[in-house]
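# model the following, please.
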Amino acid sequence: MAERLTPDELAGLFLFERLERGHLEWLAAHGRVLDLAAGERIFAEGEPAELFVVLLEGTVAMSRRVRGGEMETTRAQGRGTYFGALDQLMDVAGKGHYTISATAVTDARVFTLPVTAVGTAVREWFPMAGHLLAGVLGVMSGAKTRIAERERLDAIGTLTAGLTHELNNPAAAAGRAVAALREHIGRLRERLGGMVGDSWSEQALQAVLELQQTAVARAAEPHRLTPMQSSDGEDELLDWLDEHDVADADALAAALVGGGLDLAYAEQVAEAVGEENLSAAMAWLGETVEIESLLVEITDASDRISSLIAAAKQYSQMDRAPQQRVNLHELLDSTLIMLKNKIGSGVRVATEYDPDLPPVEVHAAELNQVWTNLIDNAVDAMGGSGTLTVRTRTDGPAAVVEICDDGPGIPPDVRNRIFEPFFTTMPVGKGTGLGLDISWRIVVERHAGSLRVESEPGDTRFEVRLPLS
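Numbers count the residues shown, from 1 in each chain. Below is the predicted model of the structure:
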């Protein structure tokens, strides 16, 4: 039979010292004494919260699953120290789970009470205290919820601003290209009318149309010239055009070389249409190249807009099941795209992906929030300049994602607290201290994984482990 404490022994504990005799007898009847060996677990994080515990002898360590295993947060040594299901005291049904683990460091003795019994005692014996306790717990819980929601809204606002900025660039480029395209098409019609009205032979017209197809094909192909190569090509073609008295030689040389055409092509045109038609033919072909280049620019802008929208859908997981088997690389890439404006031009992004990493069944939208928090913190730590490395690998039964930065590192005294809710090193008004706490809960509680950090100056790595099955 489990050992019990007498009412007089309970009265010797500071928590119960002023209780009435009847209350002490009631607690003594409902409580039990547990003798623990060093290393024995009292309760584990995530288990149903059922016990209120008072330390009688020995030392007990409190810990959280944080760093690939467990991180000790505090130790209880003083007689009468209490811990366990504190948040559940007002919950008659005893629902909820332990938010920490408790383990005996030395041989220890503890007095335990069912949390439902303690809750009943507080409410019935001390109604005012019960109301105060329920109010404090409610306010704390509500404040944490509201701050977490505010942090998510702030993150959405930042992402929206970044996405708007990213979308504006290709949209503006497409608008400019369309306006220029309208002008070039108008001039092309004029030049076509002049060519038809002049004394062009059918053979010359056929030749210039064939050369036009060549120009279109070359302009549509990717051709990358160095600035020096482009400058040399334009100078060479400009000299040739001047020698043949071709009008607007400067603009034509730039347009033709930009479209992948060179001196050899110009000589083909001269041979096909004759000297008397060369100027008109070159003007016609120049407009053709300009139009094709603008169409390529519009296509690139449209593709960029489509890819940004696809990244936004991938990031938000819009129209997708909450839990699904996904490619983690796609989630990481979409997050990097969404945060491009936040990352800025001073930070180099390096991705080192394991090509053999298998798909993982996860809550994708929630994991994207984790990547957002970790990348955002890394960029802030680097002060807008450095290298952000996103790395993946398979390690036994787990998929591993590392978010790394080469900033100044996290001091040891801070490192042990960064996963605590509301703890932040940022100035007042800039950080809420919930980003890493939320990330930890998503990884550990929602995905049965682990989130840990290793840091030294020039190398800080947040490691997320997710079970493959």
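# what are the ranges of the strands in the stretch 251-400 of the chain?
For the stretch 251-400 of the chain, strands defined by DSSP state E, counting those that start in this stretch occupy the ranges 323-326, 347-352, 360-363, 386-395, 398-405.
# avg pLDDT for the longest one?
This predicted structure assigns strand 386-395 an average pLDDT of 93.
# give the buried residues for that strand.
Applying a neighbour-count criterion of 16 or more other CB atoms under 10 Å, one finds 386, 388-392 buried in strand 386-395. Where you see a C-beta, it was placed from the backbone N, CA and C, and this is true even at glycine.
# same check on stretch 208-223?
208, 211-212, 215-216, 218-219.
# same question, stretch 334-354
Neighbour-count burial for stretch 334-354, with 16+ other CB under 10 Å as criterion, is recorded at 334-343, 347, 353-354.
# same thing with stretch 351-370?
353-354, 357, 360, 362-370.
# which residues does Ser101 bridge with?
Ser63 (DSSP bridges).
# any idea how far Leu13 is from it?
Distance, Ser101 to Leu13, using CB to CB, to the nearest Å: 23 Å.
# same check on Ala350?
57 Å.
# and of the buried residues of stretch 351-370, the nearest to Pro170?
Nearest to Pro170 among the buried residues of stretch 351-370, counting by CB to CB, is Asn368 at 22.9 Å.
# mind checking pLDDT for the closest one?
Predicted confidence (pLDDT) for Asn368: 82.
# my guess is it contacts Ser334, does it?
Yes - taking contacts as CB atoms under 8 Å, Asn368 lies within contact range of Ser334: 7.0 Å.
# so Gly80 sits in a helix?
No - using DSSP: H, G, I helix; E, B strand; the rest coil, the secondary structure at Gly80 is coil, not a helix.
# and the helices in this protein?
Remark: helices assigned in the chain by DSSP state H are 7-11, 21-30, 115-125, 127-197, 202-220, 227-243, 249-258, 263-273, 275-316, 328-338, 340-343, 364-382, 412-415, 435-440.
# which one of those lies closest to Arg109?
Of all those, helix 7-11 comes closest under CB to CB, at 11.4 Å.
# in that closest one, which residues are buried?
7, 10-11.
# contacts only, for Arg109.
When contacts are counted by CB atoms under 8 Å, 6 or more residues apart in numbering, Arg109 is found next to 33-36, 56-58.
# show me which of the residues you listed is closest to Glu50.
For the contacts of Arg109, the nearest to Glu50 is Leu34 (13.1 Å; CB to CB).
# so what sits opposite the closest one in the bridge?
Bridge pairing for Leu34 - DSSP bridges - gives Val110.
# wait, doesn't it sit right on Thr112?
Yes - the criterion here is CB under 8 Å, and Leu34 meets it with Thr112 at 6.0 Å.
# separation between Gly39 and Gly58?
12 Å.
# whoops, Ala172 was the one
Taking CB to CB, one finds Ala172 at 69 Å from Gly58.
# who has more neighbours, these two?
Taking neighbours as other CB atoms under 10 Å, Ala172 and Gly58 compare with Gly58 leading, 18 against 11.
# settle this for me: that one is touching Ala102, isn't it.
No - if you go by CB under 8 Å, Gly58 and Ala102 don't touch, sitting 11.8 Å apart.
# next, give phi and psi for the residue nearest to Gly458 when sequence neighbours are not counted.
Leaving out its chain neighbours, the residue that sits closest to Gly458 by CB to CB, 6 or more residues apart in numbering is Asp406, at 5.1 Å. Main-chain torsions, Asp406, degrees, to the nearest 10: phi -110, psi 40.
# next up, the contacts around Asp406.
Contacts of Asp406 (CB under 8 Å, 6+ apart): 382, 386-387, 458-460.
# recalculate using a threshold of 10 Å.
With contact set as CB atoms under 10 Å, 6 or more residues apart in numbering, Asp406 has these partners: 347-348, 378, 381-382, 385-389, 457-460.
# from those, pick the one nearest Glu297.
Arg348 (26.8 Å).
# who touches the closest one in this structure?
385-389, 406.
# now render those residues as a markdown table, adding distance to Ser450.
Converted to a markdown table, the contacts of Arg348 look like this (distance: CB to CB, whole Å):
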| residue | distance to Ser450 |
| --- | --- |
| Ser385 | 30 |
| Gly386 | 26 |
| Thr387 | 25 |
| Leu388 | 22 |
| Thr389 | 20 |
| Asp406 | 24 |
